[in-house]
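*Asks:* Pasting a predicted model and its sequence here:
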Amino acid sequence: MNMNGGTTTAIDSRYVHHPVMVAEVVEHLSTVPSGAFLDATVGGGGHARALLNARPDLSLIGLDRDPSAVEAATTALAGRGATIRHASFAQLDDVLDALGVPRLVGSLFDFGVSSPQLDQPQRGFSYRQDGPLDMRMDCSQQLSADEVVNKWPASELARILRAYGDERYANRIADAIVAARPIASTTALAEVVREAIPAPARRRGGHPAKRTFQAVRIAVNDELSQIEPALEAVIDRMAPGGRGVVLSYHSGEDRIVKRVLRRQAGLNDESRFRGLPPSASQPPPAIELVPRGSRRPSSAELADNPRASSARFRGFCKLGNDQTEGAA
């Protein structure tokens, strides 16, 4: 999650982020073997710092697309032996190979947009504050929200609104955006969306522009296409007994995570559902789901941090050869 510019001190002072479900994350990961741990979305280093407090023997590697997050994490984890790199989790294989880390004992993915990104109007993520149409997690990339909003055809806008925002009024909103061009700011876009949605629908389901901003942000940062290969790569590198946590924040992310984890756990094979021996073509399960389903934040956490309300926690444990044979 990325932004260029500014001094380290100024960036760090603005990068205040409350890690979601931190107690549950540490509880799940605290039993991993000693070795290299990957925080694939390190952000401000909140989860990483809590984990290292519990397990100072771990060698933590943190990745983030946002240079401001990289600087904040570097400061937060100074003196803890952590290695922080400016990279997306799509690049994790390249980073780990360059560092000479063939195996991991654990991993954490915390998807979505962070509070510091939402709270800085100049980043363009928020529909509540006026700012430029940006939404880039890494400001070195070319594609921004301005190009999506002001240049993409209505058909493509409607597609991403449906696919990434579950937006019921995708066609109406897409047509309204095209008709209102050029749209210069986040608040201008939010107003266009609000006017495109029927009045009765505006009064329910939160801010009318929430789903549109989510969809445009996902498209700008190509977020969903990176999840499956990154999870597969981490599981492939993980040592027996290693553990992973994935935090997702909307249905599109969680569907991908659930599909990958169930497949890796051998739960997508129909023969298993029917109580039959696994098919010869089905590889033995690589992981066990722990817990079997998802977890949600506690009521106490939601009272303290309402932004955590959409979080879903999914965890797993890497099986070894003897565990794999028994699970199969």
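*Replies:* Cool, got the structure.
*Asks:* Count residues in the vicinity of residue 142, would you?
*Replies:* Under the neighbour criterion other C-beta atoms under 10 Å, residue 142 is assigned a count of 6. (Glycine included, C-beta is placed from N, CA and C.)
*Asks:* ignore the last one, residue 22
*Replies:* Neighbours of residue 22 using other C-beta under 10 Å come to 15.
*Asks:* From residue 304, how far off is it?
*Replies:* 11 Å (C-beta to C-beta, to the nearest Å).
*Asks:* what about residue 75, distance to residue 82?
*Replies:* In this view, residue 75 and residue 82 are 11 Å apart by C-beta to C-beta.
*Asks:* so what's the residue nearest to the spatial centre of the chain up against?
*Replies:* Note on the chain: the residue nearest the mean C-alpha position is residue 111, at 1.0 Å, using C-alpha atoms, centre = their mean. Under the criterion of C-beta atoms under 8 Å, 6 or more residues apart in numbering, the neighbours of residue 111 are 41, 223, 227, 246, 247, 248, 249, 253.
*Asks:* picking up where we left off before, quick check: neighbours shared by residue 75 and residue 82?
*Replies:* Contact criterion C-beta under 8 Å, 6+ apart; residues shared by residue 75 and residue 82: residue 45.
*Asks:* what about the two, which has more around it?
*Replies:* For residue 75 versus residue 82, neighbours defined as other C-beta under 10 Å are more numerous around residue 82 (22 against 16).
*Asks:* Kindly list the longest strand within the chain.
*Replies:* strand 238-248 (DSSP state E).
*Asks:* and the gap between the nearest residue to residue 90 once chain neighbours are set aside and residue 57?
*Replies:* The spatial neighbour of residue 90 that comes closest, neighbours along the chain excluded (C-beta to C-beta, 6 or more residues apart in numbering), is residue 226 at 4.2 Å. Distance, residue 226 to residue 57, using C-beta to C-beta: 30 Å.
*Asks:* With residue 149 instead?
*Replies:* Distance, residue 149 to residue 57, using C-beta to C-beta: 48 Å.
*Asks:* Pick out whichever of these two has more residues nearby.
*Replies:* residue 149 (25 against 9).
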